[in-house]
Every structure is written in C-alpha cells, then in structure tokens.
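Engineer: please work out how this folds:
(one chain, ligands or ions: 2)
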Amino acid sequence: MERSILTAVSNARQPRLRGDYSAARADCTIEQDWSAYTAAEHALWRKLYERQMRLVPRYACEEFLHALDRLDLHGGIPRFDAISRKLRRATGWELVAVPGLIPDLAFFEHLANRRFPVTHWLRQPQEAEYIAEPDVFHDFFGHVPLLFDPVYADYMAAYGAGGLKAAQLDSLKHLARLYWYTVEFGLLRTREGLRVYGAGLLSSAGEFLYAAESAEPRRVKFDLERLLRTEYRIDRFQDTYFVIDGFEELIDDTAPDFTPVYARIRRLPPIAPDEATWADVPVRR
Ligand code: PHE
Ligand code: FE
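Structural biologist: Ligands and ions are numbered 1, 2, ... in the order given. Below is the predicted model of the structure:
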C-alpha cells in the first residue's frame, strides 16, 4: 500500500523522500534514463508484475485489463517515451518522469494538461510487499493502463483542473479525499460483480483481495459530499470503499462547480474513516 500522491505532496520537500530533486526541472520533471536501470531492477519489476498478474485478472475492471493487454509490460521497467507515443494516440495523455512525489500545484498542472507524472525509481527488493512512497511500479502498473480509457482519461484531466481551483478555494484537504477514494482506492459495480479500478489496490499485494472480497470493510455507493467529508488512513487497509457504477457517472457527479459544495462541507464535521452515516447506500459484494 502506498500513500496517495496527494497525502504526501505537501511533504514533498521533506528530506525523507528518497528521490533526487536537485536534478529536476522547474516543472519537477526529469529524464527517465532507462539505460540506468540494472538487470536486478528489471528482474524485480518482472517479479512484481507476475505477482499482480496472478491477482488482477479476477477483479480488475475490464478497462484496466484491456489496456494492460495492449501494453506488454511483462519484460521489465517500461520506457516512458514508448508508452507515451501510444497514449498520445489513444487519449492525448503522455507520461513525464519525476523524482517522486511532487508539490500539489505542479501535480495538478501536469494532470490538467494531460501529463501523468511517473516516479522513475523502483522500490528495493525488501519493499516488494509494502512501500511508503509511490515508485515506478505503483505509478505505472496502477495508474497508466486506465489513462488509455477515454472517459477515465477525461476524469483525470478534470481532476487536475479541479485541483488548481481547489487550491484557490483553500479546499485541497477535501479534494484530496476524492483522489484517494476514487483514483487510488475506487471500486466499480458491474453486472459481473464488484471490480477494482483504484491504482493503490491494483498495484498492492494484500489490499486488492481485501477490497474485493473481505466482509470487513464498508462499501458504500459513491456520494460526492459524503466522500469529500470522509477522512482516510494512509497506514492501513481502508475501512470504507466508495463504489461507482461507471466512469461516466464519476465524470457526471464531479462536473458541477464544487465552490458551493466546499463552502457547505467546511461547516460540517468530518466523517471518520470507519464511520457509517444514515444516508449510506451499502453495496454488496
Ligand atoms: N467540478 C469540480 C469543480 O468545479 C472540478 C473537478 C472535476 C474536481 C473532476 C474533481 C474531479 O471544482
Ligand atoms: Fe498513486
């Protein structure tokens, strides 16, 4: 499990982050330098890839699996430029390499312009199960395939623009929850049953099946205001997952102006991660 980019973005200047930020350009990007990856790193990537491929076919949403099929990521750490060429043709997105988590505004600016920041470095072998910062495996395997879906791709760009606006309105805390509970930990309800589309789940060793199968967590129908008020934990599996019926719904429900929404929820108490509300619509597995 990893922290969402937004949780930790505000900490991006802290020395605990392991990336080398001194080499980054003003927009926080760097060169990927694909030739610098070692054989051991490519082998670790393959190990992580094979592990996820034993898990994801069962519960990943079909948009993810379909894109993954066309991406050919099994051989080793991918070249960002090669994938960018395909992505530009599909949805107008491209990938940019970054040293790790980057500040909020730089992150939003990239998303709003259809550039997805991907951390260039790979975790250490002892971090195969758990890593506290997003690495290239999380960023790539978890996030990039869905950028090939036109509707999801539009949602991510709208989110970036929404981030720039939320910063003006001093509402990043609330907007960050939307990223967390959709882009990182979102579930999707289909005729075949519950499916996973959140990157934090798709790239995780343990929480993927927990989110899809366990009787423990709460699963509720996506409700924008309820979600924006819900706090989250970054150090354990989620207590609550929000379920959508499709990416079109996500676009439609987040299209209205959030200004009055932010103003309203600012006056309401937050909802704890494990708290139920009377208006929750439970979603069965
Ligand atoms: N509609 C939101 C606003 O006006 C912007 C947004 C779109 C935010 C999509 C998140 C996702 O602030
Ligand atoms: Fe992520």
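Engineer: which phi and psi values does Pro117 adopt?
Structural biologist: Dihedral pair for Pro117: phi -70, psi 130, per degrees, to the nearest 10.
Engineer: ugh, wrong one, I meant Val96
Structural biologist: phi -120, psi 140.
Engineer: tell me how far Ile83 lies from ligand 1.
Structural biologist: Using CB to the nearest ligand atom, to the nearest Å, Ile83 is found at 24 Å from ligand 1. All C-beta atoms are positioned from the backbone trio N, CA, C, and that covers glycine.
Engineer: now do the helix or strand harbouring that residue, average pLDDT.
Structural biologist: When secondary structure is defined by DSSP states H and E, Ile83 falls within helix 80-91. Taken as a whole, helix 80-91 carries a mean pLDDT of 98.
Engineer: can you map out the strands along the stretch 1-150 of the chain?
Structural biologist: Applying DSSP state E, counting those that start in this stretch to the stretch 1-150 of the chain gives strands spanning 94-98, 115-119.
Engineer: what's the closest of those strands to Leu224?
Structural biologist: Between Leu224 and the strands of the stretch 1-150 of the chain, the shortest separation by CB to CB is 23.6 Å, and it involves strand 115-119.
Engineer: relative to helix 80-91, how tilted is that closest one?
Structural biologist: An angle of 150 degrees separates the directions of strand 115-119 and helix 80-91 when computed by axes from the mean of the first three to the mean of the last three CA atoms, to 10 degrees.
Engineer: helices of this structure, start to end?
Structural biologist: The residue ranges that make up the helices of the chain, judged by DSSP state H, are 5-9, 39-59, 62-71, 80-91, 104-112, 136-137, 150-168, 172-178, 199-202, 207-213, 224-228, 247-254, 259-266.
Engineer: the last one vs helix 150-168, what angle?
Structural biologist: Same thing as helix 259-266. Regarding helix 259-266 and helix 150-168, their directions subtend 60 degrees when assessed with the same axes, to 10 degrees.
Engineer: next, the buried residues of helix 259-266.
Structural biologist: Judged by neighbour count (16 or more other CB atoms under 10 Å), helix 259-266 contains these buried residues: 262, 265.
Engineer: who touches Pro282 in this structure?
Structural biologist: Residues touching Pro282, when contacts are defined by CB atoms under 8 Å, 6 or more residues apart in numbering, comprise 218-221.
Engineer: near ligand 1, which residues of the stretch 51-200 of the chain are found?
Structural biologist: Within the stretch 51-200 of the chain, the residues that sit near ligand 1 (CB under 6 Å from any ligand atom) are 158-159, 162, 165, 178.
Engineer: correct me, but Asp223 touches Ile271?
Structural biologist: No - Asp223 is beyond contact range of Ile271, at 10.8 Å (criterion: CB atoms under 8 Å).
Engineer: sorry, back to before: out of the contacts of Pro282, flag the one nearest to ligand 1.
Structural biologist: Nearest to ligand 1 among the contacts of Pro282, counting by CB to the nearest ligand atom, is Lys221 at 17.7 Å.
Engineer: quick one: neighbours of the residue nearest to that closest one when sequence neighbours are not counted, just the number.
Structural biologist: Spatial nearest neighbour of Lys221, chain neighbours left out: Val281 (3.8 Å); criterion: CB to CB, 6 or more residues apart in numbering. As a burial measure, Val281 scores 11 neighbours (other CB atoms under 10 Å).
Engineer: equivalent analysis for Ile234, please.
Structural biologist: Neighbouring residues of Ile234 were enumerated by other CB under 10 Å; the total is 15.
Engineer: just the pLDDT for the closest residue to Thr240 other than its chain neighbours.
Structural biologist: For Thr240, ignoring the flanking residues on the chain, the nearest one in space by CB to CB, 6+ apart is Arg218 at 4.4 Å. The pLDDT attached to Arg218 in the predicted structure is 98.
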